[in-house]
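J.: pasting the sequence and the predicted coordinates here, then a few questions.
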Amino acid sequence: MYNGEPQLGSDGKRHTLDGKTLIVPKQGMWMYEFCRERKPTKTLEIGLAYGYSTLYFLAAIRENCLGHHTSIDPFQNEKWHGIGSCQPRSLGASDSFRFIEEKAVTALVQFAARRETFDVIFIDGSHRFDDVFVDFTLSAELCPPGGCILLDDMWMPSIRNAVAFISSNRKDFEEIKTPVSNIAAFRRIGKDTRKWDHYVEFFDTHHSLRSPRRRLTQASFRRGSNSYHLIG
Ligand SMILES: C[S@@+](CC[C@H](N)C(=O)[O-])C[C@H]1O[C@@H](n2cnc3c(N)ncnc32)[C@H](O)[C@@H]1O
C-alpha cells in the first residue's frame, strides 16, 4: 500500500489510492508495539478508509495470538471503495475483524447499550472538534480501567483542543507520553467522579499562543457572559 499499488475494493476491482489518507509507518509501528506490549483482547478504531491503521492492529493480533479488532466507518463503500474492509480477508484475518458501516456516534452508543468494552480505542474518524469530542466522550464509556484511547492528527487545532479538554477535565484519564508527536494517548486510571457542574478551561494555549495567526482563530468563552471573544 505504501508503494501506492492499487488495492482491491469490495467490487472486486483494484482502485488507486489518494496517497494522503494514511498513517505514516513510524506511527503505525508505535501503535503495533503498543498493542504487542499491552496485549489487548478487543481493539476498536473509528475511521477505516484504506485500512492502514487496521493492518497494524491486525499484525499485533497475529503476533500476540490474541485479540479482535472492530472498525467503524460510514463512508467505507461510498468513498473508499470498501478497500479497508477488504484488507483483513486478503491477509486471512477475517476471523479477528468486524466492520461496522455506521457513524461513530450511533455505533458507539450501541456498544455502550450492549456493555461492550475495548482495551484500545483509536479515534481517527471525523476530525471536526465536536465530532472528536463526542467520539472521545462515548469511547470513554467503552474503555475499562487500564484501557487506552489514542487520538490521531495532533497537527490539527480541532484535535489539539479536544486533547486539551481531556487533559484538563478528564482526571479519570492520564496522558501517556508517545514518541510520535501526531498522536495523543490516554489511559483510564479511575472512574469519572466529576461533579455535575465541573468545568476547567481547556483551550490549546500552548500551541495557539505560538502563532499570532492561530491566536486570532481561537475563540474562548468568557466566563459569566454569553459572548465569545478572541484570545489575545
Ligand atoms: C483519516 S481517515 C482514517 C484513516 C485510517 N485510520 C487509516 O489509518 O488508514 C478518516 C476516516 O473517518 C471516516 N469518517 C468520517 N466521518 C466519520 C464518522 N462520523 N464516524 C466514523 N468514521 C468517520 C472517513 O470515512 C474516513 O475513512
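T.: Nice, thanks for sending it over.
J.: surely residue 80 meets residue 47?
T.: No - with contact defined as Cβ atoms under 8 Å, residue 80 and residue 47 do not form a contacting pair (10.2 Å). All C-beta atoms are positioned from the backbone trio N, CA, C, and that covers glycine.
J.: so what sits against both of those two?
T.: Residues touching both residue 80 and residue 47 (Cβ atoms under 8 Å, 6 or more residues apart in numbering): residue 73.
J.: give me the neighbour count for residue 13.
T.: Taking other Cβ atoms under 10 Å as the criterion, the count of residues near residue 13 is 10.
J.: repeat for residue 80
T.: Residues lying near residue 80 (other Cβ under 10 Å) number 23.
J.: list the contacts of it.
T.: Contacts of residue 80 by Cβ under 8 Å, 6+ apart are 21, 48, 49, 50, 73.
J.: for the ligand, tell me which of the residues you listed show up nearby.
T.: 21, 48, 49, 50, 73 (Cβ under 6 Å from any ligand atom).
J.: any chance of the residues you listed in a markdown table, with secondary structure, neighbour count and pLDDT too?
T.: Below are these laid out as a markdown table (DSSP: H, G, I helix; E, B strand; the rest coil; neighbours: other Cβ atoms under 10 Å; pLDDT from 0 to 100):
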| residue | secondary structure | neighbour count | pLDDT |
| --- | --- | --- | --- |
| 21 | coil | 14 | 97 |
| 48 | coil | 27 | 98 |
| 49 | coil | 22 | 98 |
| 50 | coil | 22 | 98 |
| 73 | coil | 28 | 98 |
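J.: sorry, back to before: reformat the contacts of residue 80 as a markdown table; add distance to residue 93.
T.: As requested, the contacts of residue 80 are exported to a markdown table (distance: Cβ to Cβ, whole Å):
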| residue | distance to residue 93 |
| --- | --- |
| 21 | 21 |
| 48 | 14 |
| 49 | 18 |
| 50 | 16 |
| 73 | 17 |
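J.: what does this protein have sitting close to the ligand?
T.: Near the ligand, when you scan the chain using Cβ under 6 Å from any ligand atom, you find 21-23, 45-53, 72-75, 79-80, 103-104, 124-126, 131.
J.: try it again with 5 Å
T.: Within the chain, the positions lying close to the ligand (Cβ under 5 Å from any ligand atom) are 23, 46-47, 49, 52-53, 72-73, 75, 103-104, 124-126.
J.: which of these are buried?
T.: 23, 46-47, 49, 52-53, 72-73, 103-104, 124-126 (16 or more other Cβ atoms under 10 Å).
J.: among those residues, which are in helices?
T.: Cross-referencing these against helices under DSSP state H gives 52, 53, 104.
J.: now do the contacts for the spatially most central residue of the chain.
T.: Central residue of the chain (Cα atoms, centre = their mean): residue 123, 1.0 Å from the mean position. By Cβ under 8 Å, 6+ apart, the contact set of residue 123 is 46, 47, 132, 135, 136, 139, 149, 150, 151, 152.
J.: that one bridge partners, please.
T.: Here residue 123 sits in beta bridges with residue 46, residue 151, going by DSSP bridges.
J.: that one and residue 35, how far apart?
T.: In this view, residue 123 and residue 35 are 16 Å apart by Cβ to Cβ, to the nearest Å.
J.: what ranges does the protein have for its helices?
T.: 25-38, 52-64, 76-80, 83-90, 104-113, 129-141, 157-169, 205-208, 212-217.
J.: run the angle between the second one and helix 25-38 for me.
T.: Here the directions of helix 52-64 and helix 25-38 differ by 30 degrees (axes from the mean of the first three to the mean of the last three Cα atoms, to 10 degrees).
J.: one more: the fourth one?
T.: Between helix 83-90 and helix 25-38, the angle comes out at 50 degrees (the same axes, to 10 degrees).
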